[in-house]
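Novice: What follows is a protein structure lacking sequence information:
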């Protein structure tokens, strides 16, 4: 809550703490008595179980955050996460589209009955969750923008290109959508 993290982040962090606690089971000494060796043992077990590097890093980020909170708020004197080295992220090459795939993608809005979705998606660089969360009233034709909820639940106004606005106007008029209904 203090970090203004999304509910999803809170759930992921809580799950990580429960997973560590379940792993430690009967030998769990209480959060204030955990040691770096226990953290390393859990890390070793995660690696042995072939957990994804990203999952391991996320779980340990939750523990690091939790122990920073415990030190700041509850006077915990030692942080068992200190000195625990995590596996590095694997660097992968980006996946890219071929020239033909890109041309096909760019032509797609003109081949569908409702090009508004792809036009808006492309024009604003929206996340899928932002796109599906839009209401008809989120689009401001006068200022050529769209109101979206960004990370950290911050409202942002993003500019919308002319082709996307035109496609949206056509879509909304054809669909006869009221002002407070979901856009898509």
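Specialist: All right, it came through fine. All of these numbers come straight from a predicted model, not from anything done at the bench. Numbers count the residues shown, from 1 in each chain.

Novice: What sits closest to residue 168 if chain neighbours are left out?
Specialist: Counting by C-beta to C-beta, 6 or more residues apart in numbering, residue 168 lies nearest to residue 116, which is 4.9 Å off, once chain neighbours are set aside. From N, CA and C alone the C-beta is placed, and that goes for glycine too.

Novice: how close does the one you found get to residue 86?
Specialist: Going from residue 116 to residue 86 by C-beta to C-beta, to the nearest Å gives 43 Å.

Novice: Which of these two has more residues huddled nearby?
Specialist: More crowded of residue 116 and residue 86, by other C-beta atoms under 10 Å: residue 116, with 25 against 16.

Novice: So that one sits against residue 170, correct?
Specialist: Yes: assessed by C-beta atoms under 8 Å, residue 116 is found in contact with residue 170 at 7.1 Å.

Novice: what about residue 152, distance to residue 4?
Specialist: 5 Å.

Novice: whoops, I mixed them up, residue 169
Specialist: Applying C-beta to C-beta, the value for residue 169 to residue 4 is 35 Å.

Novice: Give me the more crowded residue out of these two.
Specialist: Just comparing residue 169 and residue 4: by other C-beta under 10 Å the higher neighbour count belongs to residue 169, 13 against 10.

Novice: What's the local residue count around the closest residue to the more buried one other than its chain neighbours?
Specialist: Among residues not flanking residue 169 along the chain, residue 141 sits closest, at 7.1 Å (C-beta to C-beta, 6+ apart). Look at residue 141: counted by other C-beta under 10 Å, it has 12 neighbours.

Novice: Now residue 141: phi and psi?
Specialist: With angles defined as degrees, to the nearest 10, residue 141 sits at phi -70, psi -30.

Novice: ok, it to residue 165 distance?
Specialist: From residue 141 to residue 165 the distance is 6 Å (C-beta to C-beta).
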